[in-house]
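Attaching a predicted model along with its sequence, questions to come.
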Amino acid sequence: MTKFIFLPKPFYLIATVLIPSFLILPPALAQVDIAILITQQSQQQLRELLRRGQEYIDAGDYANAITTYQQAANLDGKNAKIFSGIGYLYTLQKDFAAAAAAYQQAVILDPNNAEFYYALGYSFAKANDNERAANAYQKAIALDPGNIQHYVGLGVVLLREEKYDAVIDNYYRILTLDPNNRPAYDIMATALIKQGRYQESIEFLQQAVSKFPNDGNLQLQLAIVLINQGELKTGLDSLQKAKQLDPDNPLISLKMARVLEAQGDSAEALKAYRKAIALQPDLVEARLAMGKIFLAEGNYIDAIITYRRLTEIDPNNSSAYYHLGIALNERGRKQEAITVLTQARELSQEQGKVEEISKINSLLEQLEVSNN
């Protein structure tokens with residue numbers, strides 16, 4: 001859902017915006033106070049840092065741009081726009097905790113800037129700090145109540161926090177500002193589904209797809225609810241419409257694969273999973289599902305390849321390590337299996353997955369007995 005959160009463009013990264021033009025002193029004022037000279041020298045140094053920082057940005061060298069802007073912030077620690085620029089650069093590097101820290105400094109210096117609060121909310125949301133993200137979005141709304149993006153961002157984090165009443169209230173606030181705001185319908189539909197209000201969600205989504213007939217994502221949501229409610233034919237029709245509208249949406253291929261797998265057509269399901277992965281290589285669900293099919297078919301080599309790749313993509317995925325251990329064991333690679341299963345157990349313990357821990361322990365015990 002985070003795809004509906006939009007980040008402001010880096011309009012604070014242009015040096016000429018940050019520093020006003022300098023006045024040229026007339027000859028009569030050549031004998032100036034040394035403090036003025038130091039200030040002028042600092043401003044010239046600041047201008048040069050900002051110029052260099054912009055060059056790094058233009059070259060795509062964000063790490064050096066950040067370092068340069070941090071040096072600029074040391075010279076002008078009261079310039080909120082510099083900290084905002086640093087925050088934006090951190091978002092480009094996907095270091096959202098650091099971005100949030102920079103935007104926090106920006107809002108301290110300029111507490112009435114709605115765009116800074118919106119960017120702070122975005123950074124917290126991307127860092128999965130939903131409570132603080134919601135607070136930042138609400139502050140942005142208070143400062144700029146006519147900006148729909150603030151409400152959409154708030155809706156996303158409220159949805160994550162399962163505050164469904166607040167989500168629904170936020171939905172109507174968005175529609176008051178923009179009755180045709182499509183992301184609002186997506187958020188509202190998800191809230192209904194997550195509350196188990198399936199019939200309401202079907203009726204709501206049917207209205208939504210009538211209003212937005214060319215929206216593949218809404219068709220996909222409708223298809224998922226219909227299929228899960230046992231309305232397979234109608235659901236598959238919606239899924240096909242979604243695929244026609246948005247053929248490059250990996251989630252549509254993923255859902256199609258799951259339907260095919262449920263129907264027992266593993267070969268076609270694998271094709272659909274592969275298409276989903278081709279469209280989104282880091283799609284964890286598709287790789288997990290493929291690996292399970294390979295395990296069920298006794299294709300342990302492809303299972304090992306699939307799960308090994310998944311541990312690289314998602315190194316904290318305990319399930320990937322667990323199933324990799326199973327596949328390695330089936331291939332007779334017992335010591336490797338023990339190693340990855342031990343990793344799986346450590347991750348499962350950290351994540352509190354009690355059932356998975358029990359399965360891993362059972363398999364490890366079997367392996368240790370067979371090794372003796």
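Nice, I can see it.

got a list of what Ala133 touches?
Ala133 sits next to 121-125, 153, 157 when contact means Cβ atoms under 8 Å, 6 or more residues apart in numbering. (Glycine included, C-beta is placed from N, CA and C.)

in the chain, what spans have low per-residue confidence?
1-41, 371-372 (pLDDT under 70).

can you rerun that using 50?
1-38 (pLDDT under 50).

Now name the helix or strand holding the closest residue to Leu324 other than its chain neighbours.
Excluding the flanking residues, the one nearest Leu324 by Cβ to Cβ, 6 or more residues apart in numbering is Tyr307, at 3.7 Å. According to DSSP states H and E, Tyr307 maps onto helix 300-313.

CA atoms only for that helix, dumped as PDB, please.
Provided in PDB are the C-alpha atoms of helix 300-313 (Å, rounded to 0.1, in the frame of the first residue of the first chain):
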ATOM      1  CA  TYR A 300      15.200 -30.700  -4.700                       C
ATOM      2  CA  ILE A 301      17.900 -29.100  -6.900                       C
ATOM      3  CA  ASP A 302      15.500 -26.400  -8.100                       C
ATOM      4  CA  ALA A 303      14.200 -26.100  -4.600                       C
ATOM      5  CA  ILE A 304      17.700 -25.400  -3.300                       C
ATOM      6  CA  ILE A 305      18.400 -22.900  -6.000                       C
ATOM      7  CA  THR A 306      15.100 -21.100  -5.300                       C
ATOM      8  CA  TYR A 307      15.400 -20.900  -1.600                       C
ATOM      9  CA  ARG A 308      19.100 -20.000  -1.700                       C
ATOM     10  CA  ARG A 309      18.300 -17.100  -3.900                       C
ATOM     11  CA  LEU A 310      15.500 -16.100  -1.500                       C
ATOM     12  CA  THR A 311      17.800 -16.000   1.500                       C
ATOM     13  CA  GLU A 312      19.900 -13.500  -0.500                       C
ATOM     14  CA  ILE A 313      16.900 -11.400  -1.300                       C
END
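
next structured bit after it?
Assignment by DSSP H and E places the next element after helix 300-313 at helix 318-330.

Work out the gap between that next one and the centre of the chain.
Chain-centre distance of helix 318-330: 27 Å, with Cα atoms, centre = their mean, to the nearest Å.

Tell me what angle that helix forms with helix 300-313.
Computed by axes from the mean of the first three to the mean of the last three Cα atoms, to 10 degrees, the angle separating helix 318-330 from helix 300-313 equals 150 degrees.
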